[in-house]
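Novice: no FASTA, just this:
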């Protein structure tokens, strides 16, 4: 998703909060039913993977676009794991020269439109 910082921050907060709330509610509901507890043992790897995919610590942050370089924006409450992962992402973006690829694509689009 590409958007301004304010909108992006709202989208991130909502999605993180929603994922966290869903996991908590699901665990609570599962714990109340005996069959649910047994089923949870079978689903535990899938739930763990879901949590990992929705955990901002795994990604560390999001790229700040519109600058001539690489910048990853992280949470104010980022853990050391999140900062480490943000540094990895920043390094990957820099090595792959992502900002140049985006700039080149935007310029090519502008040229195609005659602007």
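Specialist: Perfect, I can see it now. The structure displayed is predicted, hence computed values, not measured ones.
Novice: can you pull the buried residues of the helix ranked longest in the chain?
Specialist: Taking DSSP state H as the criterion, the chain has its longest helix at helix 5-31. Residues 12, 19, 30 are the ones in helix 5-31 that count as buried (16 or more other C-beta atoms under 10 Å). In short, each C-beta sits where N, CA and C put it, glycine included.
Novice: ok, so what distance separates the first one from residue 40?
Specialist: To tie it back to what came earlier, the one meant is residue 12. Separation of residue 12 from residue 40 (C-beta to C-beta, to the nearest Å): 28 Å.
Novice: what does residue 62 give?
Specialist: Distance from residue 62 to residue 40, by C-beta to C-beta: 32 Å.
Novice: of the two, who's got more company?
Specialist: Between residue 62 and residue 40, counted using other C-beta atoms under 10 Å, residue 62 has the larger neighbour count: 20 against 15.
Novice: once you drop chain neighbours, what's closest to that one?
Specialist: What sits nearest to residue 62 in space, not counting adjacent residues and going by C-beta to C-beta, 6 or more residues apart in numbering, is residue 73, at 5.6 Å.
Novice: tell me how many other residues surround the residue lying closest to residue 74 once chain neighbours are set aside.
Specialist: With C-beta to C-beta, 6+ apart as the criterion, residue 74 has its nearest non-adjacent residue at 3.8 Å, and that residue is residue 61. By the criterion of other C-beta under 10 Å, residue 61 has 20 neighbours.
Novice: measure residue 87 to residue 61 for me?
Specialist: Residue 87 is 10 Å from residue 61, where distance means C-beta to C-beta.
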